[in-house]
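In: model this:
(chains A and B)
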Protein chains: 2
Amino acid sequence: MPLQISDLGDAVLHTRYAVRGPIVARAQELEENGRSIIYCNIGNPQSLGQKPLSYARNVLAVCEQPELIRAGAGVFERDVLEKAKYIMEASKYGLGAYSESKGLGFVRRAVAEFIKARDTFDSVAQRVDPNHVYLTDGASKGVQAALRLLISSEKDGILIPIPQYPLYSATITLYGGQQVGYYLDEESGWSLSEEMLEEAIHDAMKRGVRARAIVVINPGNPTGGVLSEENMRMVVRFAKRHGLTILADEVYQQNVYKPGARFISFAHILTSMCEREVSLFSFHSISKGFFGECGQRGGYMEARNVPEEVIAQITKLQSVALCANLPGQILTFLLVSPPKQGEPSYNRYTEERSAILSELAERAKIMYEGLNRIPGFSCQPIDGAMYAFPSITLPRGRSDEEYCMSLLEEKGICVVPGSGFGQKPGTAHFRTTILPPTDQIERVIGAISDFHTNWR
Amino acid sequence: MPLQISDLGDAVLHTRYAVRGPIVARAQELEENGRSIIYCNIGNPQSLGQKPLSYARNVLAVCEQPELIRAGAGVFERDVLEKAKYIMEASKYGLGAYSESKGLGFVRRAVAEFIKARDTFDSVAQRVDPNHVYLTDGASKGVQAALRLLISSEKDGILIPIPQYPLYSATITLYGGQQVGYYLDEESGWSLSEEMLEEAIHDAMKRGVRARAIVVINPGNPTGGVLSEENMRMVVRFAKRHGLTILADEVYQQNVYKPGARFISFAHILTSMCEREVSLFSFHSISKGFFGECGQRGGYMEARNVPEEVIAQITKLQSVALCANLPGQILTFLLVSPPKQGEPSYNRYTEERSAILSELAERAKIMYEGLNRIPGFSCQPIDGAMYAFPSITLPRGRSDEEYCMSLLEEKGICVVPGSGFGQKPGTAHFRTTILPPTDQIERVIGAISDFHTNWR
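Out: Residues are numbered from 1 along each chain as shown, chains lettered A, B, ... in the order given. Below you'll find the predicted structure:
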């Protein structure tokens, strides 16, 4: 008999990933039948018209075909060719050979420099070890590597925010661990509360679950919140008190729109607290920010306060599938080492970057204001990331899954129900990206408003 | 307290991957201290001087920077630009957007056509469903996806050859399953024997292990053997008898050197036997063959005789980390849809391909003959793949790990001990690639011979 569904284990069967769940499958079906769909379900900027950075693509094209170094003088700027030449030499064999399991050494060193420069402020000086940096196929693979390490039995629990990005719930289920949800406080812009954290961990203990780690997503997905420094310090103290490793999902670190706010990393917080007892894995990606290079699957994980013998175990696990893809590694390098002032590509690079980031900030504002104008909607400020997660009032007895499916069927707008991320019982939400072009966003809001008013 | 090694689970701690184990770590150390090392430990052709295919890299460069379509008329052949234009249109958003979880539809359709063309012979006509094709970050990730599905408890066993490629043993350990080793018959060119298979599965049953699948690597890694059609039919009958899924690792399908031999896929065998009761996952890669694009991480998995509801589960699991990297997907497309006769790139493409494949065939011959000239060595014919796995006679009480470490220290040659792949008790082997350039191979053999004669 061939393989049957009854042969599969619960871990596989129970895994759920709503961002690409049944509503998205239905959207693709409708599209194949000729309907026009606006995909607001996934943070995939280039599928909604965002252009890749010219500099990044120019350098990568030359790395893929180094003969362009000779031929390309008329086509590419001088610094593009020089950067590509540097990459070819530093990588030793170009893009076609496996790199070492952690990723190319010169890229990891550049990542370490990037973190150091980013985090050295408020008189806090950073030291970053390139040997504790891992290059990964997108941040997702880094998160999975860390969870793989931390979950060793069905008693191992991982604290995840509610709402969360379903990569976490899916991977914890798949790896046979326990989700320990802690609620974010919607009214205060989705901040963390010590009380909620303590409550979550004590409930877990009562179930016999040993909490191993806490996941914090900052800026927030799906919430759009940005954590305050004080809130982050509280998390570190909480982690220390309970012996938890922190998993800091910081892939939206370049997407902060709140005027006057800046991104603060957990690495900075740890250093500023002189905290060496709390282990930290932090994640970054080329998919978000202003690169938006989702398809190229690049990113990194930095391990901090993790002993060398554990580092050796991570390296061993990474080696089994050999290495992250090299184009993604190179784009990660370009993300952390942009053109410098005075170089020929500098102006275009900064213009493209600013245009993308200010567009996103504008869309965040339009989305926030537009959603809050709809009666029955309440949306927290979109201070960062790429999403709105409005609270919505539904007719009695109806679910947010039904709501989102009807919104798709009636208006051709694809969003993800709040239940896919988790939400307080009795509340309903959905997640929409802020990524459609400005003129489309207005139409999306109009259509949602119209739908909401009439749906029963 | 930070994360400790004692916090990690046995699955992580017990995982071993010899191809990048302690001997390779020592080689890197020596290299950093100025020693010159010949890496024969890993099938990484471009690190040993193999050039990427010009056509593949040209098209990929244009896809990374589509502005080259306008600028590139003088630089690239017409068909390169047309192919890139086709890819940009068919992919809809280019390389920077997530594709669907299975991979780009037009690439999967091209893979299906490739399989069909490859396997339609001896009056056997193939049907291949593109929706049962998954594009993966190298074949390794495909293998892991299949094993993830098949291992749901510590009682689930996977039959793997001894010797095997340690991706299998490592992943089975990591996923908490049981290895069920079956010996290959060295004397007959590492073929499979029904007796050995039955013995292995009965021993497993006695241990309370339920065998779920059988892994077959053809052409063989590390053995260099190529299976006969009759041997493969025997495996299918065996799999059917015991309700096993077949995992066919066919990444060396374009590396067959034996005169008159051709690669036969398990998909072809199933179809020729009209066998619909045996599920099959088969794997291919851009890393081997004549592409040698290891760093770019591309490949595919085809599922056959697998019901739709199981397919849906695989798709769900693939969706959690979103999709395989797009450059790797595009190279997979180029692997399965090369330039056609009459197109401007055709001649150069076929010349480059032939040069690489005939070089590899020559190196296989030199390695085979050279190793067999060393007293105490016995090496089976290298009919395919990229490795030799000679049987060696060691001084009493010495291990192949010690042997390989000394070979590294004394001669700067990095090979992998047979124990990393598995071998019959009382025998010793090592795996070396056939990838060093022809003049270096002679020196490698000379150095091994010299070392072997003097090592005590």
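In: and A:Leu147, helix, strand or coil?
Out: In three-state terms, and counting by DSSP: H, G, I helix; E, B strand; the rest coil, A:Leu147 is helix.
In: that one and A:Ser169 touch, don't they?
Out: No: with contact defined as Cβ atoms under 8 Å, A:Leu147 does not count as touching A:Ser169 (10.9 Å). Every residue, glycine included, has its C-beta placed from N, CA and C.
In: A:Lys51 reaches A:Glu351, doesn't it?
Out: No: A:Lys51 is beyond contact range of A:Glu351, at 11.7 Å (criterion: Cβ under 8 Å).
In: these two: which has the busier surroundings?
Out: Counting neighbours by other Cβ atoms under 10 Å in any protein chain shown for A:Lys51 and for A:Glu351 shows that A:Lys51 has the greater number, 14 against 11.
In: can you give me phi and psi for the more buried one?
Out: phi -90, psi 140 (degrees, to the nearest 10).
In: ok, how many other residues are close to A:Gly426?
Out: A count of nearby residues for A:Gly426, using other Cβ under 10 Å, gives 5.
In: and for A:Lys92?
Out: A:Lys92 has 12 neighbours, counted by other Cβ under 10 Å.
In: give the contact list for it.
Out: Taking Cβ atoms under 8 Å, 6 or more residues apart in numbering or on different chains, we find A:Lys92 in contact with B:Ser47.
In: any idea how far it lies from B:Gly49?
Out: Separation of A:Lys92 from B:Gly49 (Cβ to Cβ, to the nearest Å): 12 Å.
In: mind checking pLDDT for the closest residue to chain B within the stretch 1-150 of chain A?
Out: Residue of the stretch 1-150 of chain A nearest chain B, by Cβ to the nearest Cβ: A:Gly9 (2.3 Å). With respect to pLDDT, A:Gly9 scores 87.
In: excluding residues flanking it in the chain, which one is nearest it?
Out: Counting by Cβ to Cβ, 6 or more residues apart in numbering or on different chains, A:Gly9 lies nearest to B:Ser152, which is 2.3 Å off, once chain neighbours are set aside.
In: how many other residues sit next to that neighbour?
Out: Neighbours of B:Ser152 (other Cβ under 10 Å): 20.
In: can you measure across stretch A:275-290, start residue to end residue?
Out: With Cα to Cα, to the nearest Å applied, stretch A:275-290 spans 32 Å between its terminal residues.
In: any idea of the mean pLDDT for it?
Out: If you average the pLDDT over stretch A:275-290, you get 96.
In: wait, does it make contact with chain B?
Out: Yes: judged by Cβ under 8 Å from any Cβ of the partner chain, stretch A:275-290 comes into contact with chain B at A:276-279.
In: got a list of what the residue nearest to A:Gly9 touches?
Out: Taking Cβ under 8 Å, 6+ apart, we find B:Ser152 in contact with A:7-12.
In: hmm, A:Val128 is touching A:Ile115, no?
Out: Yes: look at A:Val128 against A:Ile115 with Cβ under 8 Å: they come within range, at 4.7 Å.
In: tell me the residues that contact both of these two, please.
Out: Common contacts of A:Val128 and A:Ile115, defined by Cβ under 8 Å, 6+ apart, comprise A:267, A:302.
In: re the thing from before, ok, the residues of stretch A:275-290 next to chain B vs A:Glu186, which is closest?
Out: Taking Cβ to Cβ as the measure, A:Glu186 lies nearest A:Val278 of those, at 27.0 Å.
In: ok, now which ones touch the residue of the stretch 1-150 of chain A closest to chain B?
Out: Residues near A:Gly9 by Cβ under 8 Å, 6+ apart: B:151-153.
In: B:Leu322: which of those residues is nearest?
Out: Closest approach between those and B:Leu322, by Cβ to Cβ: B:Ile151, at 23.0 Å.
In: quick one, phi/psi of that closest one?
Out: Dihedral angles (degrees, to the nearest 10) for B:Ile151: phi -100, psi 110.
In: the one 5 residues further on now?
Out: With angles defined as degrees, to the nearest 10, B:Asp156 sits at phi -80, psi 120.
In: give me the neighbour count for it.
Out: Residues near B:Asp156, counting by other Cβ under 10 Å, number 22.
In: also the one 4 residues further on?
Out: Under the neighbour criterion other Cβ under 10 Å, B:Ile160 is assigned a count of 25.
In: what about it, distance to B:Gly289?
Out: With distances taken as Cβ to Cβ, B:Ile160 is found 23 Å from B:Gly289.
In: what does A:Leu150 give?
Out: Distance of A:Leu150 to B:Gly289, given as Cβ to Cβ: 38 Å.
In: out of those two, which sits in the busier spot?
Out: A direct count of neighbours by other Cβ under 10 Å for A:Leu150 and B:Gly289 places A:Leu150 higher, at 25 against 21.
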